[in-house]
Structure formats: C-alpha cells, structure tokens
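kindly return the folded structure for what I paste below:
(one chain, ligands or ions: 1)
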Amino acid sequence: MQQRKLGPFSVSAIGLGCMNLSHAYGAPPSPEQGEQLLLAALDAGVTHFDTAALYGFGANETLVGKVLSPHRSRFTLASKCGMSGVDLNGDGKPVRVIDGRPETIKATCEAALKRLRTEVIDLYYLHRWDKKLPIEDSVGALADLVREGKIRSIGLSEVSAATIRKAHAVHPVAAVQTEYSLWTRNPEIAVLDTCRELGISFVAFSPVARGFLTGAPPDVAAFEAKDIRRAMPRFAPQNYAQNLRLLDGYQAIAREVGCTPAQLALAWLLHQGQDILPIPGTTRVDHLLDDLGAVNVKLDAAVLARLDALINQNTVVGSRYNDQGNSEVDTETF
Ligand SMILES: NC(=O)c1ccc[n+]([C@@H]2O[C@H](COP(=O)([O-])OP(=O)(O)OC[C@H]3O[C@@H](n4cnc5c(N)ncnc54)[C@H](OP(=O)(O)O)[C@@H]3O)[C@@H](O)[C@H]2O)c1
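Residues are numbered from 1 along each chain as shown. Presented below is the predicted three-dimensional model:
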C-alpha cells in the first residue's frame, strides 16, 4: 500500500474509519463481524485506524482495543475526545455531550487508554470545539497529555482556519479531520490552504459521501430509526431524489476510467494532494477491499475537471448537517 505522512507518522494512503462498526448507520454489525473487518484491514496493509470516545459511547474504542492491541506496533492509532456519551439523566441511557473542559479531556483520555488497551494514543483529536470555552483551553489540555506521554500528537476536527491558527499557536497541530469529498467542498474555502501553510495533514472523513458515491447508494426510505443520515438534509427524500440524478454521469465516468464508484470518489481525494488521507468506513470486507483499490486508480486532469464540474457545492441539493449539526461545527460553509 502506498504511504502518506500523517503528522509525524507514515501510514497507508487510505485508512479505516471504525465508527460504523459501533455507531451511525443503523444497527451495528456483530462484534465478530467487526473483528473480521478490522483484521482484514490490517492484513490488507491499512496502518491508520480512526476511532473516537463518541462511537458507540466507548464501544468502538473497546472493540478496536480488543482486536487490534495484540498488533499495536503495526499501526497508527487515532482517537478523539471532547464529545462523548454522558449519563446526564442517571437512567443508564447516555446522551451525546460536547465538553472540551481540560478535566473532561484528561478523564476521557484515561478511559480511552484503558478501552484501547494501549499506553499511548498516536493522534488524539478534539472531536468538536466546545464553543463555551476558548479553543486554547482544550488544546492546552491536549498539550499536557503530550508532555505526560499519554498521546503522541494532537488533532482537531471540524474547525475553521482561524481556530486552527489559534490552536497551532498553543501546540503544533499534526492533523485536521473534516468532511471532504466531491459533494462536501467546505475545506476548499480556507482550511486546506491553512493546513498546507502550517504543515498540517488533512484527514478526509465521510470520503464516499456516507455511501452516496458508491455502487450501492443508500435507499433513504429504508434507513433504520437510528441512522444519523435521517437528520441530514441531503438525504431528505426530496433533496436526495435530485442528488441521485448526478449519479448517472458519475457512474459513467467510473466505467470509463475502469474503476468502481467508491474508488472514483477516493481516487479524486487522493489526487487533491499528497497531504490528504481519506478514511472510508465500512462494515463489509468486500467494500473495504473495493475502497483500498482506489490507491491504484489514476485520474488525468480532464477527468478530474469533469468530476469537479459534475458534483460540487452548486450541484448538490441540501446542506450536509441540519441546524443542530451546523451549530456544533466551526468550519467555513458555502
Ligand atoms: N470527525 C468527525 O466528526 C467524523 C464524522 C463522521 C465520520 N468520521 C470518521 O470518518 C469515517 C468514515 O466516514 P463515514 O463512515 O461517515 O462515511 P463514508 O466512509 O463516506 O461512508 C460510509 C458508508 O459507505 C458505505 N460504503 C463504504 N465503502 C463502500 C463500497 N466500496 N461500496 C458500497 N458501499 C460502501 C458503507 O456501508 P457498508 O458498511 O455497507 O460498506 C457506509 O454506509 C468514520 O468511520 C469515522 O472514523 C469522523
């Protein structure tokens, strides 16, 4: 597998987002299926695994720790803090809470180290900036964790160019993780340029557009009750019906290039710069291998231009998050 630089680490050009094994798109797969997927990724040469305290409210870190800790020296481990499940009502039903206070970040890290069965997390992101306090306070806590040897480097997720600069002044930021794909171009406004100027790696999440840019685009009528795409305007039936019309042209380009639709989405990202590291998520080994095949897909300038013109912020209908989601992020929006 081709390698790319992720902060101070050298990792597979395509990493694995582990979220879907415990969270997000309907009922998660069985722990056995999760284990099979993680080991298949490792076998296929994936050396960048991405999880978070939020995913399954700890269950995802627990799964990753159980399955991958025996192979700890073979991969770069990324996780996230600052947003997790809290039993606010004392009824044993945790709810998602954004909390970037230094004491919370440190406690979340301690719990994560235990769940992940490791002594150190290679890359630890602030999952969301907690706007109730200055970004410098949360980043200061992450810097303390670096000094204490509990994490090796720090990252930020879904933040604006201005916030990246403030954070970087407190402690060097190794990576910024934000949604980026043909249908989500927000990082092109300012974040990508800022990362390049400051030497920060860019991790592209939801790189196959949460399933939309694959050979099996989701059927929104069949979403399960807990599928988070239900709350995303682009997947709302009326908007989605219009977005689906983009796929005929898209699939025709994939056929012409000789790759699958998911590979085309990932190859487009890989062609945006050596500093970009996509982390697709999947619950299926066949989809994993399909995604990883994107490293061998070459796109010429004419194809890249056609893709850019076909799917972009002007041709996609609906925003990526609803009002609640938009209020929680800090990225520039078109
Ligand atoms: N920092 C943040 O705030 C944030 C937010 C969201 C996600 N993330 C990270 O990014 C990772 C990936 O994002 P994501 O899962 O939201 O979006 P994604 O990777 O764009 O899409 C995942 C969806 O696409 C499907 N899929 C993947 N490869 C496929 C293929 N080759 N053929 C057909 N279907 C395919 C998967 O279904 P199957 O299971 O059926 O393959 C799944 O439903 C997450 O795991 C997480 O680590 C971070």
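
only C-alpha atoms for contact and neighbour calcs from this point on.
Will do.

so how far is the helix or strand residue 66 falls within from its chain's centroid?
Element membership for residue 66 (DSSP states H and E) is helix 59-68. Chain-centre distance of helix 59-68: 17 Å, with Cα atoms, centre = their mean, to the nearest Å.

is the ligand contacted by that helix?
No. Using Cα under 6 Å from any ligand atom, helix 59-68 stays clear of the ligand, coming no nearer than 10.0 Å.

show me the beta-bridge partners of the most centrally placed residue in the chain.
Nearest to the geometric centre of the chain sits residue 205, at 3.0 Å (Cα atoms, centre = their mean). As for beta bridges, residue 205 partners with residue 179 under DSSP bridges.

mind listing what it touches?
Shown in contact with residue 205 (Cα atoms under 8 Å, 6 or more residues apart in numbering): 17, 177, 178, 179, 180, 278, 279, 280.

helix or strand next in line after the helix holding residue 66, which one?
Remark: after helix 59-68, the chain's next helix or strand is strand 76-81, criterion DSSP H and E.

close to the ligand, is stretch 228-246?
No. Using Cα under 6 Å from any ligand atom, stretch 228-246 stays clear of the ligand, coming no nearer than 9.3 Å.

chain center to that stretch: distance?
The answer for stretch 228-246 is 20 Å, by Cα atoms, centre = their mean.

for it, the averaged confidence score.
Mean pLDDT, stretch 228-246: 97.

mind listing what's buried in that stretch?
For stretch 228-246, a neighbour-count test (16 or more other Cα atoms under 10 Å) marks 229, 230, 231, 232, 233, 234, 235, 236, 240, 242, 243 as buried.

quick one: the first one and residue 222 touch, right?
No. With contact defined as Cα atoms under 8 Å, residue 229 does not count as touching residue 222 (11.2 Å).

re earlier: what's the angle between the helix holding residue 66 and strand 76-81?
Interaxial angle of helix 59-68 relative to strand 76-81 (axes from the mean of the first three to the mean of the last three Cα atoms, to 10 degrees): 160 degrees.

and the contacts of helix 59-68?
Residues outside helix 59-68 that contact it (Cα under 8 Å, 6+ apart): 18-19, 21-23, 31, 34-35, 38-39, 51-53, 55, 112, 115-118.

hmm, 7 Å instead?
For helix 59-68, the external contacting residues (Cα atoms under 7 Å, 6 or more residues apart in numbering) are 19, 21, 22, 35, 51, 52, 53, 112, 115, 116, 117.

quick one on the thing from earlier: mind picking the two most distant members of the contacts of residue 205?
For the contacts of residue 205, the farthest-apart pair by Cα to Cα is 17 and 180; their separation is 13.7 Å.

helices along the chain, start to end?
With DSSP state H as the definition, the chain shows helices at residue ranges 31-43, 59-68, 102-116, 135-147, 161-170, 191-198, 237-244, 247-257, 261-270, 285-292, 301-310, 323-328.

which residues of the stretch 51-200 of the chain lie near the ligand?
Contact residues (Cα under 6 Å from any ligand atom) of the stretch 51-200 of the chain with the ligand: 51, 127, 157, 177, 178.

could you dump those into JSON lines with pLDDT and neighbour count added?
Below are these laid out as JSON lines (pLDDT from 0 to 100; neighbours: other Cα atoms under 10 Å):
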{"residue": "51", "pLDDT": "98", "neighbour count": "27"}
{"residue": "127", "pLDDT": "98", "neighbour count": "26"}
{"residue": "157", "pLDDT": "98", "neighbour count": "23"}
{"residue": "177", "pLDDT": "98", "neighbour count": "23"}
{"residue": "178", "pLDDT": "97", "neighbour count": "25"}
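
okay if I get those as CSV plus distance to residue 321?
Shown next, in CSV, are these (distance: Cα to Cα, whole Å):
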residue, distance to residue 321
51, 21
127, 16
157, 15
177, 16
178, 13
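
take those residues and keep only those in strands.
Among these, the residues falling in strands (DSSP state E) are 157, 177, 178.

a markdown table please, covering those and showing distance to residue 186.
Shown next, in a markdown table, are these (distance: Cα to Cα, whole Å):
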| residue | distance to residue 186 |
| --- | --- |
| 157 | 13 |
| 177 | 12 |
| 178 | 9 |
